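Peer 1: model the structure of this input:
(one chain, ligands or ions: 1)
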Amino acid sequence: MNPVIPPLAGAYAGDDALLTLNSGSSSLKFALFDALDESGLPHADGLQLLLSGQIDGLGGAVRFQARSADGTLDAHEQWPAASAPADAGAALRWLIDWLRRQVPGRAVVAVGHRVVHGGLHHAEPVLLTDAVVARLQALVPLAPLHQPHNLAGVAAARQAFGAVPQVACFDTAFHRHHPFVNDCFALPRRFFDAGVRRYGFHGLSYEYIAQRLAEQHAQQHAGRVVVAHLGNGASMCALQGGRSVASTMGFSALDGLPMGTRCGQIDPGVLLYLMQHEGLDADQVADLLYKQSGLKGLSGGLSHDMRTLEAAGTPEAAQAIDYFVFRIRRELGGLAAVLQGLDAVVFTGGIGENSALIRERVLEGMGWLGIRLDAARNRAGATVISSDDSPVLCLRLPTNEEGMIAQQTLRTAALGRRPAAAAPTAPAARESR
Ligand code: AMP
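Peer 2: Okay, here's the model as predicted:
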C-alpha cells in the first residue's frame, strides 16, 4: 500500500506525490512534488515542488530541516545521539512518518533516486528492478564513495514503498554519447573495453541547464555552450546542440577542476610517488584525494567552503581561490577549442550561482574568446551577466537536480495518461542553495 501523506496548507491540488531521494554517505536529501492533476494527468505547466529538505549528520549529530516551496513551512529537528536515525533506512522511515503528518492525504506514486553511476549501459533513467539493482551494485568499484550510499537509499525505499515504481536517475547518463576521444584514456585497449572510460558526472544538472537554454536561449542552445557546475563538487561540460560532448570529470568524480575537498586533475605520477615513496596504501590515497585536497588542502586545512575562503583573507585561502579560478579558465579555453568556438557560458552550482567574485575572475580578460562581462549585472546576480554587445552570452542559471530527477521519474514510471510528447518539463529552479 502507498504511504499516504497530508495536504500541505494551501497547496493541495491532487492527491498524488512524487518523491525524489538523494542518499549520500551521511545525508538523505529529499523533495516532494505534486505530480498529477485532479484527473490523473501530469500537470501541463510542469511538476510543482511542494517541499524539500534533508536529514544530515547520519552516524553522528543528526539534523533535519525542510521547507515548503510556498514558504508556509520551515521545519527543523535535532536528535540526541542515542535516539537519532542511524542510517538511510531509519532516516527514510522517519521521513515517511513526518511527511504523513505534514501532507496528509497524499500518496507517493513514484520515487526517483539520484544514482551517481549508470556505467556503460545506462544512457537513460531506468525503472528499478532486482536485476537493475544487481547491475548497479556491480558498479560500486567505479564510484566507491557514492554508489553504495545511493544504493542504500534505493534498498530502503524499495522496502518502504513496496510496489510503488522507483526510478534510478544517473549523473553519468547525460554524457554517454561522448565521442571516443572524450571517452577514452590512452591505456591498453582492454581497459576501455572493460569500462575504464571518462564517464563524466553532474549530468542531471547539465541536462537541466540544457533544457533551460532550449526554452530561453534557443540560438545558443543550438550552438556551442560551456557549462560550469561549481559547487562542493565541480566540473565543466561542453554542450553542442544541447548534448554533452566533453566533460572535465572522467572515470571518477575526482578529475578535472579542484573541488571542496577533491584534488581535481593530478599527474598519476604523484600517486605512484605517494605509494612507492611515502608508503601510503590505497585507502590512504583515496582519503587524501577525496577528502583532504582541493580548496581545503590548498587553504592549509582552513575550509572546503568558498564563502569561508572568500572572507578569510589569508595568503593560503587566496592561493586556493587563485588555483580554482586558474583551472576553470584553463578548462574553459580547452572546451572552447573542443567546440571550435563558443556561443554561451553558463555558471551554476552553489559557487557558480552565488559568487560574483569567482564569475568575474573566471571571465575577466577573456575578450579574445568573445566574452565581455558586464560587471554591474554580474554583481547584481542577473541572469545575463555579459554586456549586450558580447559575442558570447554569459549566464548565471540556478540548477535544479531534484527537478530533473522528478521529471525523469515521471517520464520513466509512465505516470498519468498524457502522451509522452506533452510530458511536463522540470519546474523552475530553486532560488537559493
Ligand atoms: P553546492 O555543493 O552546489 O551546494 O555548493 C556549495 C558551495 O557553494 C560552497 O563552497 C559554498 O561556500 C558555495 N557558496 C554558496 N553561497 C555562496 C556565496 N554567496 N558566495 C560564495 N560561495 C558560495
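Peer 1: got the phi/psi numbers for residue 27?
Peer 2: phi -140, psi 160 (degrees, to the nearest 10).
Peer 1: wait, it touches residue 58, no?
Peer 2: Yes - counting by CB atoms under 8 Å, residue 27 does reach residue 58; the two are 6.4 Å apart. Quick note: C-beta positions are derived from backbone N, CA and C, even for glycine.
Peer 1: near the ligand, which residues of the protein?
Peer 2: 231-232, 260, 305-307, 310, 349-351, 354-355, 433 (CB under 6 Å from any ligand atom).
Peer 1: who's more crowded, residue 27 and residue 58?
Peer 2: residue 58 (22 against 17; other CB atoms under 10 Å).
Peer 1: enumerate every residue touching the closest residue to the more buried one other than its chain neighbours.
Peer 2: Of all residues not flanking residue 58 in the chain, residue 26 sits nearest, at 4.6 Å (CB to CB, 6 or more residues apart in numbering). With contact set as CB atoms under 8 Å, 6 or more residues apart in numbering, residue 26 has these partners: 56-60.
Peer 1: what's the burial count for residue 101?
Peer 2: By other CB under 10 Å, 9 other residues sit near residue 101.
Peer 1: just the pLDDT for it.
Peer 2: For residue 101, the model assigns a pLDDT of 89.
Peer 1: so it, which state does it fall into?
Peer 2: helix (DSSP: H, G, I helix; E, B strand; the rest coil).
Peer 1: please begin residue numbering at 59 from this point
Peer 2: With 59 as the first residue, the last one maps to residue 159.
Peer 1: where do the strands sit along the protein?
Peer 2: Secondary structure of the chain (DSSP state E): strands at 62-63, 74-81, 85-92, 106-114, 121-126, 132-136, 164-173, 184-185, 224-228, 282-288, 292-298, 301-305, 402-406, 451-454.
Peer 1: nearest spatial neighbour of residue 229, chain-adjacent residues omitted?
Peer 2: With CB to CB, 6+ apart, the residue lying closest to residue 229 is residue 259, at 4.4 Å.
Peer 1: list the contacts of that neighbour.
Peer 2: So, once contact is read as CB under 8 Å, 6+ apart, residue 259 ends up touching 174, 229-230, 233, 291, 293, 305, 307, 311.
Peer 1: in ChimeraX, select just the buried ones from the contacts of residue 84.
Peer 2: Here is the ChimeraX selection string for the buried members of the contacts of residue 84, based on 16 or more other CB atoms under 10 Å:
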select :114,115,116
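Peer 1: would you turn the contacts of residue 84 into JSON lines with pLDDT and distance to residue 170?
Peer 2: Converted to JSON lines, the contacts of residue 84 look like this (pLDDT from 0 to 100; distance: CB to CB, whole Å):
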{"residue": "114", "pLDDT": "93", "distance to residue 170": "20"}
{"residue": "115", "pLDDT": "91", "distance to residue 170": "24"}
{"residue": "116", "pLDDT": "91", "distance to residue 170": "20"}
{"residue": "117", "pLDDT": "86", "distance to residue 170": "25"}
{"residue": "118", "pLDDT": "87", "distance to residue 170": "27"}
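Peer 1: I appreciate the help and will end here.
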